[in-house]
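Asks: structure, please.
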Amino acid sequence: MRDYSDQIDTRDSDRDVQITGLDACVVEGNFEWNLIKVETDAGVTGIGEAYRGGGVPELVEYTNRFLVGENPLDVERLVRYVFQEMSGHGGTTGKVVTAASGIEIALLDAAGKILGLPVYQLLGSKYRDEVRLYCDCHAGEAYAVEDGATAYADAEAYSPEAYAAEAARVTDMGFSALKFDLDLPADNENDPYNGRLTNAAIREKKEIVAAVREEIGYDADLAFDCHWDYSVESAKRLAHELEEFDLMWLEDLIPPENTDAQKEVTKATRTPVATGENRFRVFELSDLIYDHGVDVVTPDPTTVGGLTETMRIADRAEENYMPISPHNVCSPVGTMACVHLGAATPNFDLLEYHALEVDWWDDLLARDEPLIQDGRIAVPEAPGLGVELDTDVVEEHVLDGTDGF
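Replies: Numbering: from 1, shown residues only. Below you'll find the predicted structure:
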């Protein structure tokens, strides 16, 4: 493993900065948000966010062994250093890449503050002053697992009328693009394992889509997420049945591992197909893009390797005249990182917003106004990400059993 510790930094004194420590904190929102801090000897703290779930804080803590003393301005080099140093820990994919994604965002925030530039400028350019969101909506209640048994909400919660009512509520809030889950408890009634949809299940989904379309009309953009549940033939049948509704896309119809199967589904329908959120680094998305196995690419910047890695994916998508719409289930920190990405990326389309049920979402930041205005977020001009955490709100919502920052 290459050792960088003996290198001499010959930069001007105002850019001769060192990392003094990295820390992570898990905040319990609608998901477990992994927030990350990078401290420097310049008195600047960078904040970032890695994708939800366990294991990230421990990996961030581990990187103190080799990132302390490094210059935080060397963002891309340090991310590669994490991959290299932790290659034996699965550093080319999985949780290591997820942790590195959050570290990269925190490094970009710190670098922007040190240099006096917003993150979008560090990424290269500004194509837009605001980013349009699509709101991820939920009709009814999600199922829960209790004592090893799966308990579902009342079937009426998944009725076409429930979907339509929620669509009306969200569009009244100013969102012009929506997404709903289309995988339903009834999908498992015939067989919970083989991924096949019955005719009745497909009819049920079609009725839901029709009800939402009738409620919001065709001027609003509408997508549905299937969470990798179906076989190839069922995915093709479903996509075909929904062609008349001019969807923005159908997302994650089949499991993500088999690229050839994904191509088969995408090319069998004129309904746009989206996927990409659970693939790591540009290498796992390149073939899918170059072979047009997807219509809209949906990488998650807090999973895939960070903002610069997402831009590499976007470059390949742009070569193939393909938009990207990042997956995002983050707190305001990760969301603002994606906003800077949206400003800097020419083929960026929409950004997911997935925290409608978290009434304190905006409170996590030390600011007076809500981030989202009429379904959009303005690109900030302040250095770094342009936002700071409200530490009291962070501490109030730290995941039970964890220590916070």
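
Asks: can you list contacts of stretch 64-78?
Replies: Under the contact criterion Cβ atoms under 8 Å, 6 or more residues apart in numbering, stretch 64-78 has outside partners 4-5, 9, 11, 15-22, 38, 40, 46, 81-82, 85, 103-104, 107-108, 110-111, 114-115, 122, 308. Quick note: C-beta positions are derived from backbone N, CA and C, even for glycine.

Asks: how about 7 Å then?
Replies: Residues outside stretch 64-78 that contact it (Cβ atoms under 7 Å, 6 or more residues apart in numbering): 4-5, 9, 15, 17-22, 38, 40, 46, 81, 85, 104, 107-108, 110-111, 114, 308.

Asks: for Val131, phi and psi?
Replies: The phi/psi pair for Val131 (degrees, to the nearest 10) reads phi -120, psi 130.

Asks: check contacts around it.
Replies: Listed by Cβ under 7 Å, 6+ apart, the contact set of Val131 reads 339, 342-343, 351, 376-377, 379.

Asks: next: Val60.
Replies: Residues counted as contacts of Val60 (Cβ under 7 Å, 6+ apart) are 22, 24, 36, 99, 103.

Asks: for Val44, same thing?
Replies: Counted by Cβ under 7 Å, 6+ apart, Val44 has contacts 110, 113-114.

Asks: relative to Lys37, how far out is it?
Replies: Remark: distance between Val44 and Lys37 (Cβ to Cβ, to the nearest Å) = 11 Å.

Asks: which phi and psi values does Leu35 adopt?
Replies: Taking degrees, to the nearest 10 as the convention, Leu35 sits at phi -90, psi 150.

Asks: surely it touches Tyr51?
Replies: No: if you go by Cβ atoms under 7 Å, Leu35 and Tyr51 don't touch, sitting 11.7 Å apart.

Asks: quick check: end-to-end length of stretch 269-285?
Replies: In stretch 269-285, first residue to last residue: 21 Å (Cα to Cα, to the nearest Å).

Asks: now that stretch: mean pLDDT?
Replies: When pLDDT is averaged over stretch 269-285, the result is 95.

Asks: give me the contact list for that stretch.
Replies: Counting by Cβ under 7 Å, 6+ apart, 93-94, 97, 236, 239-240, 242-243, 247-253, 256, 262, 265-266, 294-300, 303-305, 309, 312-313, 316, 325, 327 sit against stretch 269-285.

Asks: who's in contact with the residue most central in space within the chain?
Replies: The structure's the chain has its C-alpha centroid closest to Asn328; by Cα atoms, centre = their mean the separation is 2.6 Å. Residues near Asn328 by Cβ under 7 Å, 6+ apart: 300, 334-335, 338, 351-352, 354.

Asks: where along the stretch 301-405 of the chain do the helices fall?
Replies: Secondary structure of the stretch 301-405 of the chain (DSSP state H, counting those that start in this stretch): helices located at 301-304, 307-319, 332-344, 391-396.

Asks: just to revisit the earlier point, would you turn the contacts of Val60 into JSON lines with secondary structure, neighbour count and pLDDT?
Replies: Formatted as JSON lines, these follow (DSSP: H, G, I helix; E, B strand; the rest coil; neighbours: other Cβ atoms under 10 Å; pLDDT from 0 to 100):
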{"residue": "Leu22", "secondary structure": "strand", "neighbour count": "23", "pLDDT": "98"}
{"residue": "Ala24", "secondary structure": "strand", "neighbour count": "25", "pLDDT": "97"}
{"residue": "Ile36", "secondary structure": "strand", "neighbour count": "30", "pLDDT": "98"}
{"residue": "Ala99", "secondary structure": "helix", "neighbour count": "30", "pLDDT": "96"}
{"residue": "Ile103", "secondary structure": "helix", "neighbour count": "30", "pLDDT": "98"}
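
Asks: still on that earlier bit, buried subset of the contacts of stretch 269-285 as a ChimeraX selection?
Replies: With 16 or more other Cβ atoms under 10 Å as the criterion, this ChimeraX line picks the buried residues out of these:
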select :97,236,239,242,247,248,249,250,251,252,253,256,262,265,266,294,295,296,297,298,299,300,303,304,305,309,312,313,316,325,327
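
Asks: the contacts of stretch 269-285 in strands, which ones?
Replies: Among the contacts of stretch 269-285, DSSP state E puts 249-251, 296-297 in strands.

Asks: which two among these are spaced furthest apart?
Replies: The largest separation in these, counting by Cβ to Cβ, is between Leu250 and Val297 at 14.2 Å.

Asks: please pick the buried ones from the contacts of stretch 64-78.
Replies: Applying 16+ other Cβ under 10 Å to the contacts of stretch 64-78, the neighbour count classes 4, 17, 19-20, 22, 38, 40, 46, 81, 85, 104, 107-108, 110-111, 114, 308 as buried.

Asks: can you tell me which of those residues are in strands?
Replies: 19-20, 22, 38, 40, 46.

Asks: what's the most distant pair in those residues?
Replies: Farthest-apart pair in those is Thr20 and Gly46; separation 11.6 Å (Cβ to Cβ).

Asks: what number of residues lie near Leu356?
Replies: 18 (other Cβ atoms under 10 Å).

Asks: confidence score at it?
Replies: Per-residue pLDDT puts Leu356 at 93.
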